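Student: What shape does this take:
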Amino acid sequence: MPTAPLQRVLSIWRSLTPNRRVAAVITVIYALAAGFEAAGLRVPGIGLLRFLFSWALFIWFLMLFGWIRSHLLWSLRNRLMVAYVFIAVVPILLLLAMAAISASILYAQLGSYVLTEEVNRTLGRLKDLAESLAAVPGNPGSAESTAINSSSAAKLALDLPGLEIRAGAGEDLLPEAGQGGDRSFAGLVQRGDQLWMRAVACHAVGGRDRVVMVTVPVAPELLDSFSLELGLIRWDLVRRELPAERGKAGIRITVGSGLDTWSYIPVRGISSRRRVLPPKAHWLDQEIIGYSNLEAVDLSAPAGHRERLPVFASFYARPSRLNRVLFSSLGDLSSLPFVILMTAGALFLAIEVGALITGAVMTRTITRSVDQLYKATQRVKAGDFSHRIREVREDQLGSLAASFNEMTVSVARSIEEQRERERLQNELAIAREVQNQLFPRTIPRVPGFHLVASCRAARVVSGDYYDFISLGADELAIIVADIAGKGISAALLMANLQAALRSQLLDGVQVASTAGVVARLNRQLVATAPEDRFATMFLAIYNAQSRLLRYTNAGHLPPLCVTDSGVTQLEVGGTIVGMFPNCEYEEGSVTLEPGSVLAAYSDGITEPENAYGEQFGRQRLIEVLQRSRSQKPEEVLTAVLGAVDQWAGTPEQADDMTVVIAAVQ
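Tutor: You can find the predicted model right below:
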């Protein structure tokens, strides 16, 4: 006998759906594999297991969600509280998240602005130095010029390490100008994995162009000297991807979109060394990562074909430090906007909490009334219709309680009416059983002739009728009829029709003419049936020796005879029976070749409509018969009914459905 824990596990296992069973097996296998991997053992296929385990987690999440929905949210109070959370709390959280994202983007852009301004300020200083040196009178190599150079460089070298001043260099960076014109350049230049901040100035001195180049290498020491408002700073250098390198493995950076897309390969990163991110001023003062895109002139290309390469700069910052830049014009009051924002946020939060408490109180009032209604329904469910709810509130809930009290009175009255309807349903069920006895219990056998039939009532009882009457060892009568209307009245006329027909077609009696039988039946129904009741009818007699089918069609839908050569409709006969007393009918005949299929049916087969109001129709019935003609008659019958049901798309029938299938072998 299994132990109690094992029984519990087996019980849980039986309650799981197939998907959850697979998820459980995957979870156990992955747990074992993770344990082996943690122990240092190599587990083959661990990647596939992780993927399958993620699918299993999704299945467990759906299971947990369903459990929460069916248990925790069963109570109306819990549902309303969850609704309040989604209506009041979630939007506030989303707004706060949006504010945080917006603030992060704003401060990242502000930090990028600070970094860009610091670069521009440094380049401006280098440009001013280059222009001042280029404008000094005298030759570049004179003692006076050298003294000025040394003095100016000493001032800048204090915070620009690696400063270098060269006379007569850098003219290839200057823009084109007329002879003797003043020209200048200030920007970043790159050669391979080296980057410099460079300024070049050209002045006409004494009728000659004087060019001075001032250069500072971009190194960790330079980045350490930048603005104190930023933390760690890093610049990444790249080069243009060569055609021969395309498609090869490696890290690439793609810039642009469409036809203007360029791919670059990182070559070097330059990071500051002594810069430290300041500590948080408060709990909202979180670390922010920002990015900026600078440009450098590529010196490795010829002077006339140089391009600009991107320099990707990244940095860390604190909002409190960037606020000093943003609100620098306020001086000592730079923290005032932040205080105002926090005060407004605290006020809004207090209002939100008050609204949530108010909602909870209103929820309790509503759910108390609902709880009383629930308990009252349980009393009614137990059969106590005398229970009443106290009407203490003059609002919609009080009106609901009054309506419930009135409902219990109506329910008690409805129960009596329901019992009466059940009695009538029982009588209808008995009538259905009696009618079922009217249909042939067994199908007479005739050599080489196989019959199957089906009658599905639209209501409890049917107005359609089919019958098979043996007329000897080699002859068989086939009858299909459709009584006007549905329900009890049609069923009664159907019984009358069967009795009258069987009185004429006794077993073993040779029938001279089907037309004569239908004519006598018509006169009998006119004399006995109500004036507004009539029937369509198809009567056929098949002889197995000659394979001749004699028939009379009295206003019925023409049966279909499907053979290799085509489809024949059996239309010979006359008008409906039971309406006109002196009607004349004709007899038709057709020889059924081996392999032929005969299908007789009522209008319940061809008239069902699809969602667009199109009827199934005779042509679709013919197509079904042609497709399934080579199958057994039972399979042909199933194919016809299945095609009609699929076309209608609803289990509800608008009319009785009767089909008789005969196959000649």
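Student: Every contact and neighbour count from this point should use C-alpha atoms.
Tutor: Will do.
Student: low pLDDT regions in the stretch 101-250 of the chain?
Tutor: Applying pLDDT under 70 to the stretch 101-250 of the chain flags residues 137-158, 176-182, 206, 247-250.
Student: The same query, at a cut-off of 90, please.
Tutor: 101-115, 125, 128-184, 192-193, 202-212, 224-231, 239-250 (pLDDT under 90).
Student: can you pull out the helices in it?
Tutor: For the stretch 101-250 of the chain, the helices defined by DSSP state H, counting those that start in this stretch cover 143-157, 220-224.
Student: what does the last one contact?
Tutor: Helix 220-224 is contacted from outside by Asp159, Leu160, Pro161, Ile233, Ile270, Ser271, Ser272, Arg273, Arg274, Arg275, using Cα atoms under 8 Å, 6 or more residues apart in numbering.
Student: Excluding chain neighbours, give the residue nearest to the second one in space.
Tutor: Of all residues beyond its chain neighbours, the one nearest Leu160 is Leu222 (6.2 Å), with distances taken as Cα to Cα, 6 or more residues apart in numbering.
Student: ok, now how distant is that neighbour from Ala350?
Tutor: Separation of Leu222 from Ala350 (Cα to Cα, to the nearest Å) stands at 49 Å.
Student: re the thing from before, now, among the contacts of helix 220-224, which is nearest to Ile68?
Tutor: Nearest to Ile68 among these: Ile233, at 48.6 Å, using Cα to Cα.
Student: any idea how far the closest residue to the closest one other than its chain neighbours lies from Ala103?
Tutor: Once flanking residues are discounted, Ile233 sits nearest to Phe315: 4.4 Å by Cα to Cα, 6+ apart. From Phe315 across to Ala103, the span is 16 Å (Cα to Cα).
Student: so where's the stretch 351-500 of the chain uncertain?
Tutor: 351-449, 454-477, 481-500.
Student: mind giving me the domain split of this protein?
Tutor: 12-72, 99-326, 329-437, 439-664 (automatic domain parsing).
Student: what's the straight distance from one end of the second one to the other?
Tutor: Pointing back at domain 99-326 there. Domain 99-326: ends 18 Å apart by Cα to Cα.
Student: roughly how far out does it sit from the chain middle?
Tutor: Relative to its chain's centre, domain 99-326 lies at 51 Å (Cα atoms, centre = their mean, to the nearest Å).
Student: what does stretch 472-480 give?
Tutor: With Cα atoms, centre = their mean, you get 59 Å for stretch 472-480.
Student: where does Glu623 land in three-state SS?
Tutor: helix (DSSP: H, G, I helix; E, B strand; the rest coil).
Student: Against Phe616, how distant is it?
Tutor: From Glu623 to Phe616 the distance is 11 Å (Cα to Cα).
Student: now Gly231
Tutor: 78 Å.
Student: before we move on, the earlier item: ok, Phe315 and Ala103, which is more surrounded?
Tutor: The neighbour comparison of Phe315 against Ala103 (other Cα atoms under 10 Å) goes to Phe315, with 22 against 14.
Student: before we move on, the earlier item: out of Leu222 and Ala350, which sits in the busier spot?
Tutor: Per other Cα under 10 Å, whichever of Leu222 and Ala350 has more neighbours is Leu222, with 18 against 12.
Student: ranges for the helices of the stretch 301-450 of the chain?
Tutor: Going by DSSP H, counting those that start in this stretch, the stretch 301-450 of the chain shows helices at 319-326, 336-381, 396-438.
Student: Now do the contacts for Gln545.
Tutor: Asp474.
Student: burial of Ala529, as a residue count?
Tutor: Count around Ala529 with other Cα under 10 Å applied: 16.
Student: So it sits against Gly578, correct?
Tutor: Yes. In this structure, Ala529 is within contact of Gly578 by Cα atoms under 8 Å, at 6.9 Å.
Student: Please report how far the residue nearest to Ile233 lies from His282.
Tutor: Distance from Phe315 to His282, by Cα to Cα: 21 Å.
Student: With Val659 instead?
Tutor: The value you get for Val659 to His282, if Cα to Cα is used, is 85 Å.
Student: neighbour count winner among those two?
Tutor: Set Val659 next to His282 and count neighbours by other Cα under 10 Å: Val659 wins out with 24 against 8.
Student: what kind of secondary structure is that one in?
Tutor: strand.
Student: so it bridges to which residues?
Tutor: Ser454, Tyr601 (DSSP bridges).
Student: so what's it up against?
Tutor: Ala453, Ser454, Cys455, Ala599, Ala600, Tyr601, Ser602, Ile605, Leu637.
Student: And stretch 197-207, what's buried?
Tutor: By 16 or more other Cα atoms under 10 Å, the buried positions in stretch 197-207 come out as Met197, Arg198, Ala199, Val200, Ala201, Cys202, His203, Ala204, Val205.
Student: Closest one of those residues to Glu571?
Tutor: Met197 (102.9 Å).
Student: give me the number of residues near the closest residue in space to that closest one that isn't next to it in sequence?
Tutor: Nearest non-adjacent residue to Met197, counting by Cα to Cα, 6+ apart: Leu188, 4.7 Å away. Using other Cα under 10 Å, Leu188 has 24 neighbouring residues.
Student: go on, Tyr466?
Tutor: As a burial measure, Tyr466 scores 26 neighbours (other Cα under 10 Å).
Student: unless I'm mixing things up, it is touching Ala481, no?
Tutor: Yes. Using Cα under 8 Å, Tyr466 is in contact with Ala481, at 6.2 Å.
Student: any chance of the contacts of Val659 in TSV, plus distance to Glu117 and neighbour count?
Tutor: Listed next are the contacts of Val659 as TSV, based on distance: Cα to Cα, whole Å; neighbours: other Cα atoms under 10 Å:
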residue	distance to Glu117	neighbour count
Ala453	93	20
Ser454	91	18
Cys455	91	19
Ala599	92	25
Ala600	94	23
Tyr601	91	26
Ser602	91	27
Ile605	85	22
Leu637	87	22
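Student: how about these in a markdown table, adding distance to Phe327?
Tutor: Shown next, in a markdown table, are the contacts of Val659 (distance: Cα to Cα, whole Å):
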| residue | distance to Phe327 |
| --- | --- |
| Ala453 | 93 |
| Ser454 | 90 |
| Cys455 | 89 |
| Ala599 | 93 |
| Ala600 | 93 |
| Tyr601 | 90 |
| Ser602 | 89 |
| Ile605 | 84 |
| Leu637 | 87 |
